[in-house]
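Asks: what's the 3D shape of this:
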Amino acid sequence: MTTRAQRAQSETTVTPTTGTTGPVKPTRTSPKPGWVAFVGSGPGDPGLLTVRAADLIREADVVITEGPEHPALVRSLLGLPEGSEGGPELVDGGFGEDGQPLTHAARAKVVVRQAKRGGRVVRLMTGDPFVYASGPEEAAACAKAGLGFEIVPGVSSAAAVPAYAGIPLTTKDHREVTVVTAGDKVDWSRYADCRTLVLLSAVNSIADIARALVVAGRDPETPVAMTRTGTTTEQQTVTSTLEHIAADARAARMAPPAVTVVGEVVEMREALSWFETKPLFGWRILVPRTKEQAGSLSARLRGFGGVPEEVPTISVEPPRNPLQMDKAVRGLVEGRYEWIAFTSVNAVKAVREKFEEYGLDARAFSGLKIAAVGDKTAAAISDWGLRADLVPSGEQSAAGLLEDWPEYDELLDPINRVFLPRADIATENLVAGLIDLGWECDDVTAYRTVRAAPPPAPVRDAIKSGKFDAVVFTSSSTVRNLVGIAGKPHPSTVIAVIGPATAKTAEEHGLRVDVLAPKPDIDDLVDALADYGAGRRAELLEAGLPVTKPSERKSSSRKKATSSR
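Replies: Numbers count the residues shown, from 1 in each chain. A predicted model of the protein is given here:
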């Protein structure tokens, strides 16, 4: 694969060629040869990247990574799926070819070598480049080599992880805070006062540190909190005291990376914990949808603390015979229709692609009335520069659309025909209802939905064995196809569905429906699942039980909890 960095060495311009899918831009020119941006990626949550950091990564020819999560972060930022080509060249700056961690000096050599090739180089660093990192040494090496560089600060784990744990480092009553990296040479007697301590790399030595602080004069009952993998949905926090933190951390199997806070501010966590108390925090949620449609659903699940895992169950493909669609589009341009009714975002996409194939644009809709089955479909129409004339005022479904659809009136309506571009598996209810209202319908297959290939064996095993906490079904076809390619979800898995028809299909396949969206809308479906998670969490706390995920509960307990809801 030819990378942007390799092209930058041999080309100064790019000449457009036939077969390109979009405008070809000239190759970017670096501010000057050998320029490096040391960019902080923050402590783990990709949402904590600064705007400047994101812009530089998008413009980079080479990205030198540090953590194992960095390649996925870069792909996500650029919208590149796993295994796809394109984007900047990725160079591992964390480990050498022998698999051993690189020293600061070795990393500096990697940076200098890449910078001397020319192009834009981004050195992506965990946390902040100049806070407990090798940024100073690497930047000094660039300066010595005569290479230009800039520093883009990142959110340091010393501040971010306690914040995500709900622990303020300073308050009006506690104004002093000290960050200490644990090690053999630390004189803990210097920290015997009541200041707040933030300890880095202290997991394995916390027993010795706590003992030394107590010997130095700190109260054994001083509150302590240890948070591992902070700012991610794997975050876990243990609260204790100096006297008991070693045993409690060992019981919770705490492991690096972790940040430890010592001081009275830890007591505020009980009231201020906001991240780990999200209603779906850490839930592994199966999203069986088309790849094109999963993005907004997954993003909303992440907002509630969920960990979505997208498993394509259906693929959207063109109709086997495109002639029917071609004829309908020609009829639309020629004024054959009074209405066009879109019942899905995919239908909008299919018609739009056909328009682009013919070299048409939205002006061809002049004089045509447009109906949309719901807000999401109306938004897709709006993105095309059009406005839906009819959207259901009540239920956003084919039935809701029929409720508001006007009867045909030969005096008011010059044409009595409706163009209905739909999926090959769509039901006939809408067509029948329109005919009852006096309209004639051209019911056209605009796209086909076909079953996707089975997911990998580990995913199929996770589905059947209850390792997923929830699954969200957005249509009857996703139910049928998931069961067909991967089997039935385990009884412990929470089943959330978008509407009554999907619920009926799920029950026909032997699934117990736990969550039904109040309206057939993606946002309402996720909100309903979040409400279920919040209610479940409240029930556990009220019963004095630890907050666990559905996948962590025994089958008997799961059934009992379900029957009581």
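
Asks: residue ranges with poor pLDDT in the stretch 1-150 of the chain?
Replies: Along the stretch 1-150 of the chain, segments meeting pLDDT under 70 span 1-33, 81-84.

Asks: same question, the chain
Replies: Using pLDDT under 70, the flagged stretches of the chain are 1-33, 81-84, 290-294, 425-427, 553-565.

Asks: need the next SSE after the strand ranked longest in it, C-terminal direction.
Replies: Longest strand in the chain, counting residues (DSSP state E): strand 440-451. Moving toward the C-terminus from strand 440-451, the first helix or strand encountered (DSSP states H and E) is helix 457-465.

Asks: helices or strands up against that next one?
Replies: helix 476-486 (3 or more CB pairs under 8 Å, 6 or more residues apart in numbering; DSSP states H and E). Just so you know, the C-beta spots here come from the backbone N, C-alpha and C atoms, and that holds for glycine as well.

Asks: on that earlier part again, the longest strand of the chain pairs with which strands, and in what direction?
Replies: strand 314-317 (antiparallel), strand 417-423 (parallel) (DSSP bridges).

Asks: So what touches the last one?
Replies: With contacts defined as CB atoms under 8 Å, 6 or more residues apart in numbering, strand 417-423 is touched by 325, 328, 331-332, 336-344, 346-347, 350-351, 430-431, 434, 439-449.

Asks: from those residues, which would you call buried?
Replies: Neighbour counting with 16 or more other CB atoms under 10 Å marks 325, 328, 332, 337-344, 346-347, 350-351, 430-431, 434, 439, 441-449 as buried within the contacts of strand 417-423.

Asks: Got the domain ranges for this protein?
Replies: 33-155, 159-272, 284-313+453-563, 317-450 (automatic domain parsing).

Asks: which one of those lies closest to residue 278?
Replies: domain 284-313+453-563 (3.1 Å; CB to CB).

Asks: mind checking how far the nearest residue to residue 421 once chain neighbours are set aside is from residue 346?
Replies: Setting aside the residues directly before and after it, residue 421 is nearest to residue 446 in space (CB to CB, 6 or more residues apart in numbering), at 3.6 Å. Per CB to CB, to the nearest Å, residue 446 is found 8 Å from residue 346.

Asks: Need the CA coordinates for the longest strand of the chain. PDB is fine.
Replies: Extracted as PDB, the C-alpha positions of strand 440-451 are listed here (Å, rounded to 0.1, in the frame of the first residue of the first chain):
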ATOM      1  CA  GLU A 440     -53.000   4.300  -7.400                       C
ATOM      2  CA  CYS A 441     -49.600   3.000  -6.200                       C
ATOM      3  CA  ASP A 442     -46.500   2.100  -8.100                       C
ATOM      4  CA  ASP A 443     -45.000  -0.100  -5.400                       C
ATOM      5  CA  VAL A 444     -41.300  -0.300  -6.600                       C
ATOM      6  CA  THR A 445     -38.500  -2.400  -5.200                       C
ATOM      7  CA  ALA A 446     -35.800   0.200  -4.600                       C
ATOM      8  CA  TYR A 447     -33.400  -2.000  -2.700                       C
ATOM      9  CA  ARG A 448     -33.000  -5.600  -1.300                       C
ATOM     10  CA  THR A 449     -32.200  -6.700   2.200                       C
ATOM     11  CA  VAL A 450     -30.200  -9.900   2.200                       C
ATOM     12  CA  ARG A 451     -28.800 -11.800   5.200                       C
END
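
Asks: what's the spacing between residue 235 and residue 358?
Replies: Residue 235 is 52 Å from residue 358, by CB to CB.

Asks: Of those two, which one has the most company?
Replies: Neighbour count, other CB atoms under 10 Å: between residue 235 and residue 358, residue 235 has more, with 21 against 12.

Asks: Would you list the phi and psi of the nearest residue to that one once chain neighbours are set aside?
Replies: Sequence neighbours aside, residue 229 is the residue nearest to residue 235 in space, at 5.6 Å (criterion: CB to CB, 6+ apart). The phi/psi pair for residue 229 (degrees, to the nearest 10) reads phi 40, psi 50.

Asks: in terms of contact, does residue 229 touch residue 254 like I think?
Replies: No: between residue 229 and residue 254 no contact is recorded; they are 10.0 Å apart, counting by CB atoms under 8 Å.
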